[in-house]
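K.L.:
make a model of this:
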Amino acid sequence: MSHPKPITILADLDNLESNLAELHCHYDGQTDPQPVYLDFDPAERQVTIDRAYGIGPSVPYPVFHGTLRRYLLPLLTGPAAAELLRDPNLLELLERIADGYTATWTGSDWTGSLDDQAEEAETELERFLEALHDRPELILEVWDGGDWIGRSSDAELGIHAGTTDQQLEELAEQLEGEAEAARVYVTDLLDALTARRQAARDAQAEAAEHEAWAAE
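P.N.:
Coordinates of the predicted model:
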């Protein structure tokens, strides 16, 4: 009797582990970042985690017909996603789902269905994944650059009218590193720092103009 093949992880685990915000994507004009899913192909016994690439509530054809099982996740950090994909509890639940999966040709489409044991495993999987929402250490926190530095003065940041572009880039890299250590991804940080320098330059120019006017 042949044994079913093990679950194959399609995601690049090394890439996930080395990139905190690998799953983060926020399209211009959208209120929220793209949702993140765990996708499982029970026929091929393949699993991955990725963000959605389309905009809107459309459901991909394989998901609609049940040949691809899709589960919504919180916005995990890259390392947390890699850890999840390696979790023996997750893999065991996926094996149970795959063992009870059947694909049926309807004459026009392939549709997927689960037997009672597989449905029970899928229910357990959904509870298992839902519990991730209560583990903040796994979830990426996202801040806008202006908000992230908003409580720091120019003096605290080391920004003044004469700050060079290179100094701003070095500062942005330093602040990004500090944020990542706290599982925070900061967007548009260099732009925010550049805006602060421009405000300092504008204030300096305005002060010089007032001094010149007073001296007349």
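K.L.:
which strands and helices sit next to the helix or strand bottoming out on mean pLDDT in the chain?
P.N.:
Sorting the helices and strands of the chain by mean pLDDT, DSSP states H and E puts helix 189-215 at the bottom, at a mean of 90. Contact here means 3 or more Cβ pairs under 8 Å, 6 or more residues apart in numbering; DSSP states H and E; on that basis helix 189-215 packs against helix 145-148, helix 154-157, helix 165-181. All C-beta atoms are positioned from the backbone trio N, CA, C, and that covers glycine.
K.L.:
so which of these is the most surrounded?
P.N.:
helix 145-148 (a mean of 18; mean count of other Cβ atoms under 10 Å).
K.L.:
packing partners for that helix?
P.N.:
By 3+ Cβ pairs under 8 Å, 6+ apart, helix 145-148 packs against strand 184-187, helix 189-215.
K.L.:
quick one: closest of the helices and strands packed on helix 189-215 to His133.
P.N.:
Distance to His133, taken as Cβ to Cβ, is lowest for helix 165-181 among the helices and strands packed on helix 189-215, at 21.6 Å.
K.L.:
who touches that closest one?
P.N.:
Residues outside helix 165-181 that contact it (Cβ atoms under 8 Å, 6 or more residues apart in numbering): 20, 143, 148-149, 157-159, 185-186, 189-190, 193-194, 197.
K.L.:
quick check: bridge partners of Ala103?
P.N.:
Note on Ala103: beta-bridge partners by DSSP bridges are Gly112.
K.L.:
quick thing: my sequence starts at 5, can you match it?
P.N.:
Noted, 5 is the first residue going forward, which turns the last one into Ala107.
K.L.:
pretty sure it is in contact with Gly116, am I right?
P.N.:
Yes - under the criterion of Cβ atoms under 8 Å, Ala107 makes contact with Gly116 at 5.4 Å.
K.L.:
pull up the overlap in contacts between the two.
P.N.:
47, 71.
K.L.:
re earlier: so which of the helices and strands packed on helix 149-152 is the most surrounded?
P.N.:
Scoring those by mean count of other Cβ under 10 Å, the most buried comes out as strand 188-191, with a mean of 20.
K.L.:
what does it rub up against?
P.N.:
24-25, 28, 30, 144-149, 152, 179-180, 183.
K.L.:
could you chop the protein up by domain?
P.N.:
For the chain, the structural domains run 12-142, 145-219, going by automatic domain parsing.
K.L.:
isn't Arg90 right next to Glu21, touching?
P.N.:
No - counting by Cβ under 8 Å, Glu21 is not a contact partner of Arg90; they are 10.1 Å apart.
K.L.:
before we move on, the earlier item: the more surrounded of Ala107 and Gly116?
P.N.:
Gly116 (18 against 13; other Cβ atoms under 10 Å).
K.L.:
so that one makes contact with Val67?
P.N.:
No - using Cβ under 8 Å, Gly116 is not in contact with Val67; the gap is 9.7 Å.
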